[in-house]
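Visitor: got a sequence here, can you model it:
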Amino acid sequence: MDLQLKGKTALVFGGSKGLGRGIADALAAEGVAVAIVARTQATIDRAVSEITARGGRAIGLAGDLANWASIETAVKSARDQLGPIDILVNNSGGPPPSGVIGVKPEVWEAQFHAMVMPFFRVTDMLIAEMRSRKWGRVLNVASFSVVEPIPSIGISNTLRSAIVGWAKTLANEVARDGITVNTLLPGSIATDRQIQLTAATAKRQNITPEEARRRTESAIPVGRVGTPEEFGAVAAFYASPLAAYVTGSLIRIDGGLIRSV
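Guide: Sure thing, here's the model as predicted:
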């Protein structure tokens, strides 16, 4: 299927590995020029090299969502090199596993400024230009925990839910400008983050990581974890003109893991 994305530009945060890399790969395969922003130069260089080797167009930019100056510089550089950004992929790492009782105020504040505030600020940097061109896509990567909270990641449950409320409000504000805003809810996807959470579960339950992984897979109706490639394919569709009538939505990519309808 031709997703009609050839010639578009995208800015993908966390695009050097994991979920962000899955999205960057899928968009590049559809002819999108992709700007990857991540913290580690080695993984950025590897991602750009692999995408370009397959015939895609990609640039890499160093930036840390916890350091706004670096992100502002990266966004401006992406626009200077690629032109106006058509597709924004807001994607951040998650905080360490924890509950919510006893979390220090400074931890809440630091995680909010690393996980949530950059979504708001980067989108505000780009949304006016999208509105002037009457076309744009904002995709936010959250977690299925905004629908079904996960006890072991209380900070993430809380802060990613704030993104959902913001995204729904934004979607309604820009819908008539040809811009869609959707939030992707990954379930268990084979990423470094998934390995970290599996290890934390194993420690908490006093079982081996292998047993924790087996239990995770047995709880998923399709019987396995997903892949970044599968996640990226869904994201590419919702970034495309073919999904123009879908906005303000939560998109579950979870193998049926979420139990609610």
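Visitor: where in the stretch 101-250 of the chain is pLDDT low?
Guide: Within the stretch 101-250 of the chain, no stretch has pLDDT under 70.
Visitor: which residue ranges of it form helices?
Guide: Along the stretch 101-250 of the chain, the segments classed as helices by DSSP state H, counting those that start in this stretch run 105-115, 117-133, 154-174, 192-205, 209-218, 228-238.
Visitor: could you dump the ones you listed to JSON lines with mean neighbour count?
Guide: C-beta coordinates here come from the backbone N, C-alpha and C atoms, glycine included. Formatted as JSON lines, these follow (neighbours: other C-beta atoms under 10 Å):
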{"stretch": "helix 105-115", "mean neighbour count": "15"}
{"stretch": "helix 117-133", "mean neighbour count": "17"}
{"stretch": "helix 154-174", "mean neighbour count": "18"}
{"stretch": "helix 192-205", "mean neighbour count": "15"}
{"stretch": "helix 209-218", "mean neighbour count": "14"}
{"stretch": "helix 228-238", "mean neighbour count": "21"}
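Visitor: how about those helices, which one is nearest V89?
Guide: Closest approach to V89 among the helices of the stretch 101-250 of the chain (C-beta to C-beta): helix 228-238, 7.2 Å.
Visitor: name the helices or strands packed onto the closest one?
Guide: helix 18-29, strand 136-141, strand 179-186, strand 250-253 (3 or more C-beta pairs under 8 Å, 6 or more residues apart in numbering; DSSP states H and E).
Visitor: just checking: what are the partner strands of the last one?
Guide: So the one you mean is strand 250-253. Here strand 250-253 is paired, per DSSP bridges, with strand 179-186 (parallel).
Visitor: between the strand it pairs with and helix 192-205, what angle do the directions make?
Guide: 40 degrees (axes from the mean of the first three to the mean of the last three C-alpha atoms, to 10 degrees).
Visitor: with distance to A10 added, can I get the helices of the stretch 101-250 of the chain in JSON lines?
Guide: Formatted as JSON lines, the helices of the stretch 101-250 of the chain follow (distance: least, C-beta to C-beta, whole Å):
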{"stretch": "helix 105-115", "distance to A10": "21"}
{"stretch": "helix 117-133", "distance to A10": "11"}
{"stretch": "helix 154-174", "distance to A10": "17"}
{"stretch": "helix 192-205", "distance to A10": "21"}
{"stretch": "helix 209-218", "distance to A10": "31"}
{"stretch": "helix 228-238", "distance to A10": "10"}
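Visitor: and of those, who's closest to F144?
Guide: From the helices of the stretch 101-250 of the chain, taking C-beta to C-beta, the stretch that ends up closest is helix 154-174, at 9.8 Å.
Visitor: can you list contacts of the closest one?
Guide: Residues outside helix 154-174 that contact it (C-beta atoms under 8 Å, 6 or more residues apart in numbering) are 90, 94-96, 98-100, 103, 107-108, 111-112, 115-116, 119-120, 123, 127, 130-131, 136, 138, 140, 142-143, 145-146, 149-150, 180-183, 247-248, 250.
Visitor: report the contact partners of A10.
Guide: Applying C-beta under 8 Å, 6+ apart to A10 gives the contacts 24, 27, 32-35, 85-89, 239.
Visitor: partners of the helix or strand hosting it in the sheet?
Guide: Here A10 is covered by strand 9-13, with elements defined by DSSP states H and E. The pairing partners recorded for strand 9-13 under DSSP bridges are strand 33-38 (parallel), strand 87-90 (parallel).
Visitor: can you show me the CA trace of stretch 238-251 as CSV?
Guide: This file holds the C-alpha atoms of stretch 238-251, laid out as CSV (Å, rounded to 0.1, in the frame of the first residue of the first chain):
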residue,chain,number,x,y,z
TYR,A,238,-1.6,7.3,11.2
ALA,A,239,1.0,9.8,10.0
SER,A,240,-0.3,9.4,6.4
PRO,A,241,-2.9,11.2,4.4
LEU,A,242,-4.9,7.9,4.5
ALA,A,243,-5.7,8.5,8.2
ALA,A,244,-6.9,12.0,7.8
TYR,A,245,-10.2,11.2,9.5
VAL,A,246,-8.6,9.8,12.7
THR,A,247,-7.7,12.4,15.3
GLY,A,248,-7.8,12.7,19.1
SER,A,249,-7.6,9.0,19.4
LEU,A,250,-5.7,6.5,21.5
ILE,A,251,-4.3,3.8,19.2
